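**Student:** sequence and computational prediction follow.
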Amino acid sequence: MAEQVLAAVRTGAHRTELREYPMPELPEEGALLKMEVAGICGTDVKLYAKPPSDAPVIMGHENIGTIVKASRRFVERKGVKEGDLVFVEHYVPCFQCEWCHQGEYRLCAATDWRRNPDAVRYGYTSAERAPHLWGGFAQYMFLPWNAVLHKVPKGVTPERAGIVTPMANGIQWALLDCGVGYNSTVLVQGPGQQGLSQTVACKQAGASLIIVTGTKRDAARLDVARQLGADHVIDVDAEDPLERIMAITGGKGVDVALDCTAGAGTTPVLLGLDALKRKGGTLLVQGEVAAFPDFPLAKLTNKYVTVKSARGHNYRSCELALQQLASDRFPLDLITTHRFGLKDVDKAIKAVGGSEGVIHVSLLPWE
Ligand SMILES: [Zn+2]
Ligand SMILES: [Zn+2]
């Protein structure tokens, strides 16, 4: 095995450098993952434009790889062996708290990078912290005893497995958090990889109506949304989305409105609120805007709306997502549109934030 590991390191806003790190010595309990695919999502676009700290960071938090070296205790604890293809959750949790015992690693204080300076998360943690390999935009990643692994089912290629994170979020947000199920009516705003994954999850769960919105740049993505099960698509630049939603639902509105837009400010929250049924709908929100002047709280309470927060995925939603990827029920290859090598990380992230036609980007660290 090589002595040095090549990694793409974010060194500042919109700046990436290739650097080498020493191949880590394995501790008594640990493993080494040879990276196959790192998925890139809208969070990467944001963190690349405005890094949360000055520390050098190997980005890449949606990671699929092969275990190439594992200590005996790691093998015993994790039930994986060398040669296994796995999905590694980006949370590296404590395994002691109430959340960890429920498989809710996303809520563990040990993974909360916003409030805990020692938090470890793949794709977020400083590369200065030994053994350095804390992100997927590298040839190898280090796995400590408390990494969270899921075996990739047989027959699922690494590239398809690379969309497990948006798919897990789809299952988590739409089904587990917002209760979409048989006969539900759903509005999905934003036809990117996240919105499309919500569409698949809702269709699989039995939603009777799925409406997906996008802008005029999203023509190709809206077409994919239809092929993945959307009953109606709306270009919000070409027509009034609320009027159209009310026409489709016979004036009733929808049970659940999911916000999967990026950089659209307060507009999708207001549309979601208006598009919900008269009483008792559920609104999934992102935390994109720090403040929301003139938020119509009275409308929210008059409509008896439940608000849910888009906040990653738990262990179960990851397992369900992998099963979804193993099924051929949906043409999911329509989502995996672009691939880039390690030296093109900068281009790859910009592609996700950029043009029409790009849905999911796979970073292949060995190309
Ligand atoms: Zn992501
Ligand atoms: Zn914990």
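**Tutor:** On my side now, so go ahead. Ligands and ions are numbered 1, 2, ... in the order given.
**Student:** pLDDT wise, what is the residue of the chain found nearest ligand 1 at?
**Tutor:** Proximity of the chain to ligand 1 (Cβ to the ion) peaks at Cys41, 3.2 Å away. Quick note: C-beta positions are derived from backbone N, CA and C, even for glycine. pLDDT recorded at Cys41 is 91.
**Student:** for it, grab the count of nearby residues.
**Tutor:** Cys41 is flanked by 22 other residues according to other Cβ atoms under 10 Å.
**Student:** these two touch, right, it and Val352?
**Tutor:** Yes - with contact defined as Cβ atoms under 8 Å, Cys41 counts as touching Val352 (6.9 Å).
**Student:** now the stretch 101-250 of the chain against ligand 2: closest residue?
**Tutor:** Cys108 (3.1 Å).
**Student:** ok, that residue to Arg77 distance?
**Tutor:** Cys108 sits 18 Å away from Arg77, going by Cβ to Cβ, to the nearest Å.
**Student:** more neighbours: which of those two?
**Tutor:** Cys108 (23 against 13).
**Student:** shaky segments in the chain?
**Tutor:** 1, 355-356 (pLDDT under 70).
**Student:** now the longest strand belonging to it, how far from the centre of its chain.
**Tutor:** Ranked by residue count under DSSP state E, the longest strand found in the chain is strand 30-40. Chain-centre distance of strand 30-40: 16 Å, with Cα atoms, centre = their mean, to the nearest Å.
**Student:** for the following helix or strand past it, list the C-alpha coordinates in CSV.
**Tutor:** Next helix or strand after strand 30-40 toward the C-terminus (DSSP states H and E): helix 42-49. What follows is helix 42-49, C-alpha atoms only, in CSV (Å, rounded to 0.1, in the frame of the first residue of the first chain):
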residue,chain,number,x,y,z
GLY,A,42,-25.9,21.5,-2.1
THR,A,43,-24.2,21.6,1.4
ASP,A,44,-20.8,21.3,-0.3
VAL,A,45,-21.7,24.3,-2.5
LYS,A,46,-22.5,26.4,0.5
LEU,A,47,-19.5,25.2,2.6
TYR,A,48,-17.2,25.8,-0.4
ALA,A,49,-18.5,29.3,-1.0
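**Student:** following the helix or strand in which His338 is found, which helix or strand shows up next?
**Tutor:** In this structure, His338 sits in strand 336-341 according to DSSP H and E. Following strand 336-341 in sequence order, the next helix or strand is helix 345-353 (DSSP H and E).
**Student:** after that following helix, which helix or strand is next?
**Tutor:** Downstream of helix 345-353 (by DSSP H and E), the next one is strand 360-364.
**Student:** contacts for that next one?
**Tutor:** 36-40, 60, 136-137, 159, 162-163, 166, 193, 335-342, 345, 348, 351-352 (Cβ atoms under 8 Å, 6 or more residues apart in numbering).
**Student:** leaving out the residues flanking it, which one is nearest to Ala310?
**Tutor:** Take Ala310 and drop its neighbours on the chain: the residue closest to it by Cβ to Cβ, 6 or more residues apart in numbering is Gln286, 4.9 Å away.
**Student:** actually Val120, not the one I typed
**Tutor:** Val92 (4.0 Å).
**Student:** pull out the buried residues from the helix or strand hosting Ala8.
**Tutor:** Secondary structure assignment for Ala8, by DSSP H and E: strand 4-12. Buried residues in strand 4-12, counted by 16 or more other Cβ atoms under 10 Å: Val5, Leu6, Ala7, Ala8, Val9, Arg10.
**Student:** same check, this time on stretch 312-319
**Tutor:** Buried-residue list, stretch 312-319, by 16+ other Cβ under 10 Å: Gly312, His313, Asn314, Tyr315, Ser317, Cys318, Glu319.
**Student:** tabulate these (TSV), appending secondary structure and distance to Glu82.
**Tutor:** Listed next are the buried residues of stretch 312-319 as TSV, based on DSSP: H, G, I helix; E, B strand; the rest coil; distance: Cβ to Cβ, whole Å:
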residue	secondary structure	distance to Glu82
Gly312	coil	29
His313	coil	27
Asn314	coil	28
Tyr315	helix	23
Ser317	helix	27
Cys318	helix	22
Glu319	helix	22
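**Student:** surely Leu143 is within a strand?
**Tutor:** Yes - assignment of Leu143 by DSSP: H, G, I helix; E, B strand; the rest coil places it within a strand.
**Student:** which residues does it form a beta bridge with?
**Tutor:** Beta bridges link Leu143 to Ala31 when assigned by DSSP bridges.
**Student:** how many neighbours does it have?
**Tutor:** Leu143, neighbours per other Cβ under 10 Å, totals 28.
**Student:** try Glu367
**Tutor:** Glu367: 11 neighbours (other Cβ under 10 Å).
**Student:** with adjacent residues omitted, what lies nearest to it?
**Tutor:** Of all residues not flanking Glu367 in the chain, Gly341 sits nearest, at 3.5 Å (Cβ to Cβ, 6+ apart).
**Student:** I figured that neighbour hits Phe137, correct?
**Tutor:** No - assessed by Cβ under 8 Å, Gly341 is found out of contact with Phe137, at 10.5 Å.
**Student:** quick one on the thing from earlier: and the strand holding Ala8, what does it pack against?
**Tutor:** On a contact count with 3 or more Cβ pairs under 8 Å, 6 or more residues apart in numbering; DSSP states H and E, strand 4-12 meets strand 15-22.
**Student:** so what's Phe87 up against?
**Tutor:** Asn63, Ile64, Leu149, His150, Val152, Ala161, Val164, Cys318, Leu322.
**Student:** switch the cut-off to 10 Å
**Tutor:** Phe87 is in contact with 37, 39, 62-65, 148-152, 156, 158, 161-162, 164-165, 168, 318-319, 321-322, 325, counting by Cβ atoms under 10 Å, 6 or more residues apart in numbering.
**Student:** what are the boundaries of the helices in the chain?
**Tutor:** 42-49, 72-78, 98-101, 158-161, 164-170, 193-205, 219-227, 241-248, 267-275, 297-302, 315-326, 345-353 (DSSP state H).
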